[in-house]
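Novice: Sequence first, then the predicted structure:
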Amino acid sequence: MADEFRALVLEEQEKGVLASIKHLTEGQLPEGDVTVLVSHSTLNYKDGMILKGVGRLVRKYPHVPGIDLVGSVETSNSDIYNVGDKVVLTGWGVGEKHWGGFAQKARVKSQWLVPLPEGLTERRAMAIGTAGFTAMLAVMELEANGVKPDSGPILVTGGNGGVGGVAISILAECGYEVHASTGRPQLANHLKSIGVSEIIPREELATAPERPLISERWAGAVDAVGGNTLASILPQIKYGGAVAACGLAGGAELNTTVIPFLLRGIKVLGIDSVMCPSDKRKTAWERIASNLSVESLDSLTEVMTLEDLPELAGKILKGETKGRVVVDVNA
């Protein structure tokens, strides 16, 4: 049939979630005023959880996952986008509550879309994806709260992950001195190649310090780990500094004191990339297009297929992937 397309479909079974490639029709797509011909998606940590049925993020099956997508408008009942427009989508519950980007077609609401910035290819847009978009939001919040390149070094935790890698590249391109923590010292040369000047072993930040304040070390941080790592960072932030908190791979609990906030005036900035307003999204994507080194981005990226995703999901949950995984849904 002419309207058939391939998709990775999740089905719930007694022993868990089964992922398989199926042929669907446009009549099976969910409601929305724009249908997108998807060219690429990407694999995020949350995608790994969804593919493995972790955390009950998906409540209704069968389901097409994929929280990010890029492509061109095939049909539109919206006055915002026309047929042929290049668009990007991240967040808004797509891939969780609404069918997502691990398919050759997606039907979505036009207000969820952002125009693909000029000069940014579709593949590179998905090398950025939610992870890179989150990283850009974190950098923007640090800037808005007075953390500038001359304020001092910035720490990025989870340096070899998707958010961390893009955050490093953006910060370095914007003139910041970047330090990064990692649990994989064998990848230290890679981190230095994208802009890191100092490597912090992950175990150094694994336990919160016994004292509520220790020597001021970083003007700010992009923390994609949370838990004990965030608790360890806070007592080391310089006076008036800030931490952009955008992940919880290390845990959701935060065992700390209010002393750094009261005596050093530091801030913790919560970063939400899911429900971020449209205007801010557009600004972030335009900034990404101008402030992210293409060479650094390409060095962070590997391209996979829909068939590769079930195996990759397990690897990303174990921290065994490096950088960004772009999914060519037509390969």
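Specialist: Ah, there it is. Numbering: from 1, shown residues only.
Novice: can you pull the pLDDT of residue 197?
Specialist: Listed pLDDT for residue 197 reads 96.
Novice: out of everything not next to it in sequence, what's closest to it?
Specialist: Using C-beta to C-beta, 6 or more residues apart in numbering and skipping the chain neighbours, the partner closest in space to residue 197 is residue 177 (5.6 Å). For glycine as for every other residue, the C-beta is placed from the backbone atoms N, C-alpha and C.
Novice: which other helices and strands contact the lowest-mean-pLDDT helix or strand in the chain?
Specialist: Within the chain, no helix or strand scores below helix 294-299, which has a mean of 78 by mean pLDDT, DSSP states H and E. Counting contacts by 3 or more C-beta pairs under 8 Å, 6 or more residues apart in numbering; DSSP states H and E, the secondary-structure elements packed against helix 294-299 are helix 122-144, helix 162-173, helix 188-193.
Novice: relative to helix 122-144, how tilted is the second one?
Specialist: Interaxial angle, helix 162-173 versus helix 122-144 (axes from the mean of the first three to the mean of the last three C-alpha atoms, to 10 degrees): 70 degrees.
Novice: quick revisit: wait, the residue nearest to residue 197 sits on residue 155?
Specialist: No. With contacts counted by C-beta atoms under 8 Å, residue 177 stays clear of residue 155, the gap being 10.2 Å.
Novice: More neighbours: which of the two?
Specialist: residue 155 (24 against 18; other C-beta atoms under 10 Å).
Novice: which SS state does the more buried one fall under?
Specialist: Put simply, residue 155 is strand when judged by DSSP: H, G, I helix; E, B strand; the rest coil.
Novice: and if you look at the one 5 residues further on?
Specialist: Under the three-state scheme (three-state DSSP), the conformation of residue 160 reads as coil.
Novice: Quick check: the gap between it and residue 191.
Specialist: 7 Å (C-beta to C-beta, to the nearest Å).
Novice: what touches both of the two?
Specialist: Common neighbours of residue 160 and residue 191, using C-beta atoms under 8 Å, 6 or more residues apart in numbering, are residue 182.
Novice: separation between residue 142 and residue 100?
Specialist: Here the distance between residue 142 and residue 100 works out to 30 Å (C-beta to C-beta).
Novice: try residue 58
Specialist: According to C-beta to C-beta, residue 58 and residue 100 sit 10 Å apart.
Novice: how deep is the residue nearest to residue 216 when sequence neighbours are not counted tucked in, by neighbour count?
Specialist: Once flanking residues are discounted, residue 216 sits nearest to residue 238: 4.2 Å by C-beta to C-beta, 6+ apart. Neighbourhood size, residue 238 [other C-beta under 10 Å]: 19.
Novice: three-state assignment of residue 20?
Specialist: Quick answer, by three-state DSSP: residue 20 is strand.
Novice: Any idea how many residues pack against the nearest residue to it once chain neighbours are set aside?
Specialist: Nearest residue to residue 20, sequence neighbours excluded (C-beta to C-beta, 6+ apart): residue 9, at 6.1 Å. Number of residues near residue 9 (other C-beta under 10 Å) recorded here: 21.
Novice: Tell me if residue 9 really is in a strand.
Specialist: Yes. Membership of residue 9 in a strand is supported by three-state DSSP.
Novice: Is it in contact with residue 62, as I believe?
Specialist: Yes. Applying C-beta under 8 Å, one finds residue 9 in contact with residue 62, separated by 5.2 Å.
Novice: Grab the most central residue of the protein for me.
Specialist: For the chain, the residue sitting closest to the mean C-alpha position, by C-alpha atoms, centre = their mean, is residue 131 at 1.4 Å.
Novice: In contact with that residue, which residues?
Specialist: 42, 44, 161, 162, 163, 165, 166, 324.
Novice: ok, now residue 114?
Specialist: Neighbours of residue 114 in contact, by C-beta under 8 Å, 6+ apart: 87, 88, 89, 90, 278, 281, 282, 285.
Novice: that older thread, pick the most buried one from the helices and strands packed on helix 294-299.
Specialist: helix 162-173 (a mean of 28; mean count of other C-beta atoms under 10 Å).
Novice: before we move on, back to that, leaving out chain neighbours, which residue sits closest to the residue nearest to the centre of the chain?
Specialist: Residue nearest to residue 131 in three dimensions, not counting chain neighbours: residue 162, with 3.2 Å by C-beta to C-beta, 6+ apart.
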